[in-house]
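> Provided below are the primary sequence and the corresponding predicted coordinates.
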Amino acid sequence: MDSATENWDPALIKLLTSLKEVQSDGEDVAFLSELLQSKQLHALVQAHNKIVANGKDDKFYPLLSNAMQVTLEVFQMLADVISVSKEYEELLSLLQKPHFQAILCTHDAVAQKDYYPHLPDVPSDADDEEETVKIVQLVKSDEPLGGAQSAEPIVGATIKTDEETGKIVIARVMHGGAADRSGLIHAGDEVIEVNGISVENKTPSDVLAILQSSEGTITFKLVPSFGKGGSRESKVRVRALFNYNSSDDPYIPCKEAGLDFKKGDILHIVSQDDAYWWQARREGDRVMRAGLIPSRALQEGRIIHERQTDPQTMDGNPALCSPATASSDCGPKTPCSPNPTATALLPCKSTPKVKKIIYDIKENDDFDREIIPTYEEVARLYPRPGLIRPIVLVGAPGVGRNELRRRLIATDPEKYVTPIPFTSRPQKASEQNGKEYVFVSREKMEQDISEGKFIEHGEYKGNLYGTSAESVESIVNSGRVCVISPHWQALKMLRTPRLRPYIVFIRPPSLDRLVETRTSANARSTFDKDSSRSFTDEEFNDIIRSSNRINFLYGYMFDEEIVNEDLASALTQLLKASWKVQSEPLWVPASWVQ
Ligand SMILES: Nc1ncnc2c1ncn2[C@@H]1O[C@H](COP(=O)(O)OP(=O)(O)OP(=O)(O)O)[C@@H](O)[C@H]1O
């Protein structure tokens, strides 16, 4: 062994020696010899040997593989006690550092062995004429999976009679179910025998009876359908924009396989193979098996059909009155309809299946009918230190957005800032340009408004007022938290990849509590800008009505809801929301992170 080969791996030296013995001048041998002597290969072999050697050592075993998740939980705990001590704040800021997060992320990838290559399916050269049969054994479990169109439940898959051949075939394999986990059963596979019993000329119900009577292990004899199965799990995440309850859905091919969800839930779409029924899991659920949900096309079709058959239907979206929101939206005190005079909301309890709301279309001419609320594709946006998303407080006029904004800013005026509004009104002698207002000419302001530079604007006593997108951006770029409480109609201008706002919907409590809290605090009505007086009963009703309407029209844009009943607890929730924005990865429209 010469000095050049001193540190070489013995296996490589052996290979090289035997290669020399080949005594060939061939190009291939020369190439191989060069490769075996290359520095890069030796470095790789050494790295591999080190990993293998260390892998045997117990002290390098990962204690957990979800360090990122644990850190999020720590964030949550720290957010609750952040005001208690400086150390907590320091810890939070350390944990937020991108390098630290990158280490944790890498740690998890290594601990989960996420670096193993995903090998393609083994190609099959099987002759169509020659039937290859596979025997698959699965342990019968209690997986609540039921039949498809003419199918019956079997361990995480459904079966049906093939229309052309009349044979029993696997209709669908549920992602994460026992059949899927086995990796051996695929959609399209033909079932020949179950537990040794031939299924020839049998119906799916007959097969179900065989399955139900079997105990423990079930053995399937299948003819594989090459090319159809084994679809890779998709990575698409969506935010549900409607509530879904599979037991109320007469069209779902298999009720037991349905996945119920609420508006706002994040769903991991694992398969879109079927045009009408997607397979999904709720993000964060520990359940491995996916469930069936209506595809976007199917849900859109349903909503359009509902709107066409009943033009007065408010949205075709069962969300507002479905049981999930029944307590807040369907009770007698807070009717779902934004306009009680035109309300045709049927009490949820007695008729749970009727979930639509009728409203007076004349009063809602700005209702945006193009939006068909089904699913919004989302992705995680990681917090970027020094670039905090603006916090936008929206809600019905008079609900308390400005009060909450003021209180939030008062907790730390250095950190929380609101943009200085622009106005076309003449500057008073006592005023300083850029302090209370930025004074500009009417022409300039009109020009900027027409160019879309203002996120909101309005006219009061002949003068224009508005907030520019640029002033929001400059606060964000200065590392502070921009807090705004615009009119809800500004939402469409605001919710852009450029501004990436975190939208908090401020909801009123029930009518009784609204009246009670505002009266005891001697709250001032915001309906009459010219005089200071309390809210009237009609105004309290208006707050509830417009809140329901805003929620209906723009609810899909809200990141969070805070009920403004008690000011102190609403502020605490707002502070928590602010910490979340600064420290946690949050779901945003996928286009914002591309
Ligand atoms: N939770 C609460 N309890 C008691 N009073 C409240 C509460 N929230 C707000 N108020 C009071 O209600 C009044 C209206 O609040 P605020 O000015 O914040 O409304 P707003 O949503 O900003 O309305 P507008 O958009 O019309 O200006 C104020 O007097 C405020 O102090």
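Alright, I've got the coordinates.

> Now residue 258: phi and psi?
Main-chain dihedrals, residue 258, degrees, to the nearest 10: phi -70, psi 150.

> residues in contact with the residue most central in space within the chain?
Note on the chain: the residue nearest the mean C-alpha position is residue 266, at 3.3 Å, using C-alpha atoms, centre = their mean. Residues in contact with residue 266, defined by C-beta atoms under 8 Å, 6 or more residues apart in numbering, are 237, 238, 239, 240, 282, 283, 284, 378, 587. Where you see a C-beta, it was placed from the backbone N, CA and C, and this is true even at glycine.

> who touches the nearest residue to it once chain neighbours are set aside in this structure?
Spatial nearest neighbour of residue 266, excluding adjacent residues (C-beta to C-beta, 6 or more residues apart in numbering): residue 283 at 4.0 Å. Taking C-beta under 8 Å, 6+ apart as the contact definition, residue 283 lies against 237, 265, 266, 267, 268.

> same question, residue 506
393, 394, 395, 399, 400, 401, 404, 561, 562, 564, 570.

> which of these are close to the ligand?
395, 399, 400, 401, 564 (C-beta under 6 Å from any ligand atom).

> Among these, which ones are in strands?
residue 395 (DSSP state E).

> Among the contacts of residue 266, find the lowest-pLDDT one for me.
Checking pLDDT across these, the minimum falls on residue 284 at 80.

> tally of neighbours for that residue?
9 (other C-beta atoms under 10 Å).

> Quick check: the residue nearest to it when sequence neighbours are not counted vs residue 377, distance?
Leaving aside its chain neighbours, residue 284 sits nearest to residue 266 (7.6 Å; criterion: C-beta to C-beta, 6+ apart). With distances taken as C-beta to C-beta, to the nearest Å, residue 266 is found 11 Å from residue 377.

> rewinding a little: ranking by neighbours, what's the top pick from the contacts of residue 283?
Busiest of these [other C-beta under 10 Å] is residue 267, holding 24 neighbours.

> Relative to whatever helix or strand it lives in, what are the paired strands and their orientations?
Remark: residue 267 resides in strand 266-271, with elements defined by DSSP states H and E. Sheet pairing of strand 266-271 (DSSP bridges) gives strand 237-240 (antiparallel), strand 277-282 (antiparallel).

> circling back to that earlier point, got the phi and psi for the residue nearest to residue 266?
Main-chain torsions, residue 283, degrees, to the nearest 10: phi -60, psi 130.

> List the residues that contact residue 42.
By C-beta under 8 Å, 6+ apart, the contact list for residue 42 reads 7, 8, 9, 12.

> Just the ones in helices from these, please.
Residues of the contacts of residue 42 located in helices (DSSP state H): residue 12.

> Report the buried members of the contacts of residue 42.
By neighbour count, with 16 or more other C-beta atoms under 10 Å, the contacts of residue 42 hold residue 8 as buried.

> Output the contacts of residue 42 as CSV; include the columns pLDDT and distance to the ligand.
Converted to CSV, those look like this (pLDDT from 0 to 100; distance: C-beta to the nearest ligand atom, whole Å):
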residue, pLDDT, distance to the ligand
7, 75, 73
8, 79, 75
9, 84, 72
12, 85, 74
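
> Looking at the contacts of residue 42, spot the one nearest residue 557.
residue 9 (59.2 Å; C-beta to C-beta).

> Let me know the helix or strand that the residue nearest to the closest one when sequence neighbours are not counted is in.
What sits nearest to residue 9 in space, not counting adjacent residues and going by C-beta to C-beta, 6+ apart, is residue 45, at 4.7 Å. Assigned by DSSP H and E, residue 45 belongs to helix 39-55.

> What ranges in this protein fall below the confidence cut-off?
In the predicted model, the chain carries pLDDT under 70 at residues 1-5, 55-61, 82-84, 113-131, 140-155, 226-233, 310-371.

> Around the ligand, pick out the residues from it.
395, 397-403, 485, 517-518, 521, 523-524, 526, 564, 567.

> Keeping just the C-alphas, turn the strand holding residue 267 into PDB.
Taking C-alpha atoms only, strand 266-271 is exported to PDB below (Å, rounded to 0.1, in the frame of the first residue of the first chain):
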ATOM      1  CA  ILE A 266     -56.800  23.000   6.400                       C
ATOM      2  CA  LEU A 267     -57.100  19.800   4.400                       C
ATOM      3  CA  HIS A 268     -54.300  17.800   2.900                       C
ATOM      4  CA  ILE A 269     -55.500  16.600  -0.500                       C
ATOM      5  CA  VAL A 270     -53.800  13.300  -1.000                       C
ATOM      6  CA  SER A 271     -55.500  12.200  -4.200                       C
END
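
> Name whatever forms a beta bridge with residue 423.
residue 439, residue 465.

> Could you give the number of residues near it?
Using other C-beta under 10 Å, residue 423 is surrounded by 20 other residues.

> Identify the residues contacting it.
437, 438, 439, 440, 445, 463, 464, 465, 466.

> quick one, what contacts the closest residue in space to residue 238 that isn't next to it in sequence?
Once flanking residues are discounted, residue 238 sits nearest to residue 375: 3.8 Å by C-beta to C-beta, 6+ apart. Residue 375 makes contact with 238, 239, 240, 241, 267, 296, 299 under the criterion C-beta under 8 Å, 6+ apart.

> circling back: out of the strands paired with strand 266-271, deepest packed?
Mean neighbour count (mean count of other C-beta atoms under 10 Å) peaks for strand 277-282 among the strands paired with strand 266-271, with a mean of 24.

> what separates it from the chain centre, distance-wise?
13 Å (C-alpha atoms, centre = their mean, to the nearest Å).

> cool, and stretch 435-449?
That offset, for stretch 435-449, works out to 39 Å (C-alpha atoms, centre = their mean).

> By neighbour count, which bits of that stretch are buried? Give me those.
Those would be 437, 438, 439, 440, 445, 448, 449, for stretch 435-449 by 16+ other C-beta under 10 Å.

> quick one: the fourth one from residue 509, how far?
If I follow you right, that is residue 440. For residue 440 relative to residue 509 (C-beta to C-beta), the value is 40 Å.

> all strands of the stretch 401-550 of the chain, in order?
416-417, 422-423, 438-439, 454-460, 463-468, 481-484, 502-507 (DSSP state E, counting those that start in this stretch).

> meant to ask about the stretch 251-400 of the chain
Under DSSP E, counting those that start in this stretch, the stretch 251-400 of the chain gives strands at 266-271, 277-282, 291-294, 375-381, 391-395.
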